[in-house]
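Colleague: next input, structure requested:
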Amino acid sequence: MNPLENQPSDELEKQLHYPMGDVLPAPGTALTVAPGIKWLRMPLPFALNHINLWLLRDEIDGRPGWSVVDCCINSDAARAQWELIFANALEGLPILRVIVTHMHPDHIGLAHWLCERWQVRLWISATDFSIARIGTQGAGGFGGDTAAAFFAAHGLNDPDSVEKIKQRGNYFIGLVPSVPRQYRRMMDSDTLMIGNRQWRCISGYGHAPEHIALHCEELRVLIGGDMMLPRISTNVSVYDQEPESNPLKQFLESIDKFRLLDARTLTLPAHGKPFTGLHQRIQQLHDHHSDRLAEVLQACSAEPCSAAELLPVLFKRVLDLHQTTFAMGESVAHLHALWFDGRLQRTLGQDGIYRFGVNPGV
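Modeller: Down below sits the predicted model:
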């Protein structure tokens, strides 16, 4: 998810079409968006205040029911809404499996509860399953000493911020207390039979370790998870666990896989409303990041900059600490894209901060 909510202009918005208009599922209810596909919407206690979840009509081992795609965070409010869904939206049929697009808390937080409640299997990529398991053991949260040291090395080193980030070591486990011990692995190009229709797995990188989107050619439907959002730019960050990564390059290459899909594809995003205009949205995201890269390059041409020094360049409003940590990850991601491409060079100052300046050899 991305709490920064960079929104496109009205002209960009007009390039997309929302078949459902302004209609949204009421709490505890589901809307049918395509044959055998129901849309659920649950609240989140963040700036990005909701997540879309999906029910797919299914049959496994001769038993009719539903597959769930994504779960919401672990919270009493989300559990209560699920109870209403069980009572009102399942047509008297059971949940047969739980599919999770990736390991972020709003997607996997209640997977353990749903799997235990219905005695079913979790389906997820191996990478995201493993990272989520590590996170629930307290070693992979978005905070703690290693995260504080990472952000400090990129310029966010004021004592107040450092201390607050150190105190957020249990952030992940607070939203994802457990992950099922067993799972069914999903990989790129795998085909899932969901009901009587084929759904192809499309892997994506840069936002999560190994995000899996699902595409049904017969229905012309893409469940895009967080890889393809209509109104906001997906968070693409460098994290302390992989401090020399190049996630922006990975993300842009990943979304280009969707260019091969039918231009009329109905995209079901994890945040925002179902939309058509997939190819236009892919280009909008490329243009957005191209503009941000140009801004970063211009700033670093004037003088070498740290990621923290670039926050006012990339984000035009005041950010709270939670938003700042996401923004820092994105700032480092844009710097790394230019660094790996050879247009910037990185130096480590005597103050222990990495700064990026124009590569004189380019």
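Colleague: only C-alpha atoms from now on, for both contacts and neighbour counts.
Modeller: Will do.
Colleague: in what helix or strand does Ala294 lie?
Modeller: helix 278-302 (DSSP states H and E).
Colleague: ok now the lengthiest strand in the chain, how far from the chain's centre?
Modeller: The strand that spans the most residues within the chain, counting by DSSP state E, is strand 50-60. Mean-position distance between strand 50-60 and its chain equals 17 Å (CA atoms, centre = their mean, to the nearest Å).
Colleague: which of the residues in it are buried?
Modeller: His50, Ile51, Asn52, Leu53, Trp54, Leu55, Leu56, Arg57, Asp58, Glu59 (16 or more other CA atoms under 10 Å).
Colleague: just to revisit the earlier point, just the residues contacting the helix holding Ala294, thanks.
Modeller: 12, 15-16, 228, 230, 233, 252, 255-256, 258-259, 263-267, 305, 310, 313-314, 334-335, 338, 344, 356-358 (CA atoms under 8 Å, 6 or more residues apart in numbering).
Colleague: also stretch 310-325?
Modeller: Residues outside stretch 310-325 that contact it (CA under 8 Å, 6+ apart): Pro3, Leu4, Phe151, Ser161, Arg292, Glu295, Val296, Ala299, Ala327, Met328, Ser331.
Colleague: stretch 340-355 too?
Modeller: Under CA under 8 Å, 6+ apart, the answer for stretch 340-355 is 152-155, 246, 297, 304-307, 335, 338-339, 356-359, 362.
Colleague: mind running it again at 7 Å?
Modeller: 153-155, 304-306, 338-339, 356-359, 362 (CA atoms under 7 Å, 6 or more residues apart in numbering).
Colleague: quick one, helices of the protein?
Modeller: Along the chain, counting by DSSP state H, helices occupy 10-14, 76-88, 105-108, 111-118, 126-136, 145-153, 159-166, 171-175, 247-255, 278-302, 311-314, 321-340.
Colleague: in the longest one, which residues are buried?
Modeller: By neighbour count, with 16+ other CA under 10 Å as the criterion, the buried positions of helix 278-302 are 278-279, 281-282, 284-285, 292-293, 295-297, 299-300.
Colleague: and what of the second one?
Modeller: Neighbour-count burial for helix 76-88 flags Ala78, Arg79, Gln81, Trp82, Ile85, Phe86 (criterion: 16+ other CA under 10 Å).
Colleague: of those residues, just say which sits nearest to Lys166.
Modeller: When the buried residues of helix 76-88 are ranked by distance to Lys166 (CA to CA), Ala78 comes first, at 27.9 Å.
Colleague: what about the helix-or-strand element of the chain with minimal mean pLDDT, distance to the chain center?
Modeller: Taking mean pLDDT, DSSP states H and E as the measure, the chain has helix 10-14 as its least confident helix or strand, at a mean of 75. With CA atoms, centre = their mean as the basis, helix 10-14 stands 23 Å off its chain's centre.
Colleague: show me which positions of it end up buried.
Modeller: Going by 16+ other CA under 10 Å, helix 10-14 has these buried residues: Glu13.
Colleague: may I have that helix as PDB, with CA atoms only?
Modeller: Written as PDB, here are the backbone C-alpha positions of helix 10-14 (Å, rounded to 0.1, in the frame of the first residue of the first chain):
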ATOM      1  CA  ASP A  10      -8.200  15.400 -14.000                       C
ATOM      2  CA  GLU A  11      -7.000  14.800 -17.600                       C
ATOM      3  CA  LEU A  12      -5.200  11.600 -16.600                       C
ATOM      4  CA  GLU A  13      -8.300  10.500 -14.600                       C
ATOM      5  CA  LYS A  14     -10.500  11.000 -17.700                       C
END
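Colleague: helices and strands around that helix, which ones?
Modeller: Helices and strands in packing contact with helix 10-14 are not found; criterion 3 or more CA pairs under 7 Å, 6 or more residues apart in numbering; DSSP states H and E.
Colleague: contacts for that helix?
Modeller: Around helix 10-14, nothing counts as a contact under CA under 7 Å, 6+ apart.
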